[in-house]
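Participant: got a predicted model here, sequence first, then my questions.
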Amino acid sequence: MSTEASTLVLGMSPQWFAGGLFALTYVLIMTERVNRAIIALLAAGIMIFSGILTQETAGEGVDGNTLGLLIGMMVIVAITKRSGLFQFLAVWSAKRVKADPWGILVMLAIVTAVISAFLDNVTTVLLVAPVTLLITEELKVSPYPYLFTQILASNIGGTATLIGDPPNIMIGSAVGLTFNDFVVALAPIIVVILFATLVPIYFIWGRKLHADAHHRERVMRFDEREALTDIPLLRYCLAVLAAVLLAFVFSHPLGLEPATIAMFGAALLLLLDTLRHHPDVHGEKVHHAFTEVEWVTIFFFVGLFIVVHGVDATGLLRDLANWLVGVTGGDMTVTALAILWVSAIASAVVDNIPFVATMIPLIKSMAPAFGGPDGLMPLWWSLSLGACLGGNGTLVGASANLVVAGIAERAGQPIRFIAFTLAAFPLMLLSMVISTVYVYFRFL
Amino acid sequence: MTARLLMNDRPITLKRTDRLSDAAEIILTHHFRNVPVVDETGRYLGVISSNRLLASILPKAATMDEGMADLSFVKDTVEDLRERWRDAENLPVMRFIDTSLRTVGPETSLSETLLALYQNRTSLPVVEEETGRLVGIVSHWGVGMAVLGRNGGQA
């Protein structure tokens, strides 16, 4: 921090000013009247103008590892999706179950969850949902249960790995957790939660899904190999994706940070892709790949990191952490389960990125009460499970939810907020009950 | 010279209660690219284009905004297309109406009318600004006839 200053800012103590600015930022983000990146960057600027941070100390708050990992993976996905790989997987999985409607729902949920574990959730649903609409149209069944399940599956699958969901990227980067740490700690329970979620969905919709042989035959006539539109590109993508994942797995012995791996993979794939083309179009190819990066999200992160760093620099989060430890009586079980459930409920209604950005320094401040940084591990897993799975609670809980709702709307099958919440919120609570049992027995 | 002098003032139209099959009949019989749709008072509502007819026999997942860009793996037969058409032909034209087409008024200048026709890439509805009524349609063929001095210079 520039100073845990006693100087007043606009007649307020630095803590009050930073806390007020943070609260105002949060409210403005929630109202969605102004783009969230603009709000975060303006608030970051005010945090510097007020003297709470200098430009240098603000820069220290920006987590380059999170940004690098996000940008690198976005570039890799932007190139890979042109190969038709994801359509191939969706059609292939539908045919593996002989185009049985319930079987397809399960398979597409698994495909969505697996892809979401390695790519961002929004990209995953953008690629899988249109194929889902096509398949359900051919089967003459309602796409609603399929799209509903894919929303849940994308958020559940994204929880399983370091790179699956932004909260995990932020937690992993801030705490120094590796790809393997996330897989070992979270993947087992994610598999359980995914299948547990499918059980109520079967009783609500699945058992009523039927398609006659004629329409199933139309799906069986799909030739998934034809979905692979660029085989040479596919080979490069698979090779780079495999190398990147291997590097994530061995990042600890290799001494590499996730951002380095993702950015190097992105650069390598850009090189392999552009070299196939005439030098005249290299610039255009690279430009196109970079335009697919979600810069709004990236700049939102930049602004948010600075705002939260400013609040942290005033000591407000440390005081809040001490208060929370006092409330929970310093009991790890109570604290972990409180973080799990509060994260879930909060993430169901507000953006989980600012929530996690705030919780990270807050939890770090609890280290002295729980025997140092190593004692905080149950809290990090609780935060990850709560923030990622909580997004399933309502239609506004995660970006992927809104993206699927938009696709459904354009296809004439709108997903309404209330109807979605009535079905999804209890399923989110189910995942929290399972997570509670898991966190309790595995980490406490 | 204005749009009024170039337009066909007795265009074939569809009513809002017509079905997609009515639109197909007109489009296929007259080789039109689009047909205007009007309400009971003659107020312009939009057009049904031949492209919208095509969309009705394609999977919706491909024709919707940001839908699938590639259908090479779908192996539909002509019979599959006919089945889709049987599902769509009795739907009201209003489900397929295109309201994005540019229109001009009857007193719009000649150059502006031709520019609008060029930008539309298909026939141009001529609509009275005050009443919203469709009073004619300017087609590429009508303009050609007028420029070549045939049909008395009117489309």
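Facilitator: That came through, no problem.

Participant: for the residue sitting nearest the centre point of chain B, what are its contacts?
Facilitator: Most central in chain B under C-alpha atoms, centre = their mean is B:N34, positioned 2.3 Å from the mean C-alpha point. Taking C-beta atoms under 8 Å, 6 or more residues apart in numbering or on different chains, we find B:N34 in contact with B:I27, B:V47, B:I48, B:S49, B:S50, B:D98, B:L101, B:T122, B:S123. Backbone N, C-alpha and C define where each C-beta goes, glycine included.

Participant: can you rerun that using 6 Å?
Facilitator: Each residue near B:N34 by C-beta atoms under 6 Å, 6 or more residues apart in numbering or on different chains is listed here: B:V47, B:S49, B:T122, B:S123.

Participant: export those to a markdown table and tack on distance to chain A, secondary structure and neighbour count?
Facilitator: Output for those, formatted as a markdown table (distance: C-beta to the nearest C-beta, whole Å; DSSP: H, G, I helix; E, B strand; the rest coil; neighbours: other C-beta atoms under 10 Å in any protein chain shown):
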| residue | distance to chain A | secondary structure | neighbour count |
| --- | --- | --- | --- |
| B:V47 | 20 | strand | 29 |
| B:S49 | 19 | strand | 21 |
| B:T122 | 23 | coil | 17 |
| B:S123 | 27 | coil | 25 |
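
Participant: what's the most distant pair in those residues?
Facilitator: Using C-beta to C-beta, these span at most 9.6 Å, a distance reached by B:S49 and B:S123.

Participant: tell me which residue of chain B is furthest from the middle?
Facilitator: Distance from the C-alpha centroid of chain B, by C-alpha atoms, centre = their mean, peaks at B:F73 (31.0 Å).

Participant: surely that one meets A:L228?
Facilitator: No. At 8.7 Å, B:F73 does not count as touching A:L228 under the criterion of C-beta atoms under 6 Å.

Participant: who's in contact with the host helix or strand of A:N155?
Facilitator: Applying DSSP states H and E as the criterion places A:N155 in helix A:144-158. Outside of helix A:144-158, the residues within contact range by C-beta under 6 Å, 6+ apart are A:105, A:109, A:112-113, A:116-117, A:121, A:124-125, A:132, A:136, A:164-165, A:190, A:193-194, A:197, A:201, A:205, A:391-392, A:398, A:400-401, A:404, A:408, A:413.

Participant: so how far is it off the chain centroid?
Facilitator: Distance of helix A:144-158 from its chain centroid, counting by C-alpha atoms, centre = their mean, to the nearest Å, is 13 Å.

Participant: for chain B, what are the nearby residues on the stretch 201-350 of chain A?
Facilitator: By C-beta under 6 Å from any C-beta of the partner chain, the part of the stretch 201-350 of chain A that sits against chain B consists of A:R221, A:F222, A:D223, A:E224, A:E226, A:A227, A:T229.

Participant: could you dump those residues to JSON lines with secondary structure and pLDDT?
Facilitator: Listed next are these as JSON lines, based on DSSP: H, G, I helix; E, B strand; the rest coil; pLDDT from 0 to 100:
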{"residue": "A:R221", "secondary structure": "coil", "pLDDT": "94"}
{"residue": "A:F222", "secondary structure": "coil", "pLDDT": "95"}
{"residue": "A:D223", "secondary structure": "coil", "pLDDT": "94"}
{"residue": "A:E224", "secondary structure": "helix", "pLDDT": "94"}
{"residue": "A:E226", "secondary structure": "helix", "pLDDT": "93"}
{"residue": "A:A227", "secondary structure": "helix", "pLDDT": "92"}
{"residue": "A:T229", "secondary structure": "coil", "pLDDT": "89"}
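
Participant: now do the helices in chain B.
Facilitator: Along chain B, counting by DSSP state H, helices occupy B:3-6, B:20-30, B:50-56, B:60-63, B:78-88, B:110-120, B:140-147.

Participant: turn the ones you listed into JSON lines, including mean neighbour count, distance to chain A and mean pLDDT.
Facilitator: As requested, the helices of chain B are exported to JSON lines (neighbours: other C-beta atoms under 10 Å in any protein chain shown; distance: least, C-beta to the nearest C-beta, whole Å; pLDDT from 0 to 100):
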{"stretch": "helix B:3-6", "mean neighbour count": "22", "distance to chain A": "34", "mean pLDDT": "89"}
{"stretch": "helix B:20-30", "mean neighbour count": "16", "distance to chain A": "15", "mean pLDDT": "96"}
{"stretch": "helix B:50-56", "mean neighbour count": "17", "distance to chain A": "12", "mean pLDDT": "93"}
{"stretch": "helix B:60-63", "mean neighbour count": "20", "distance to chain A": "4", "mean pLDDT": "89"}
{"stretch": "helix B:78-88", "mean neighbour count": "13", "distance to chain A": "7", "mean pLDDT": "92"}
{"stretch": "helix B:110-120", "mean neighbour count": "16", "distance to chain A": "24", "mean pLDDT": "93"}
{"stretch": "helix B:140-147", "mean neighbour count": "16", "distance to chain A": "31", "mean pLDDT": "87"}
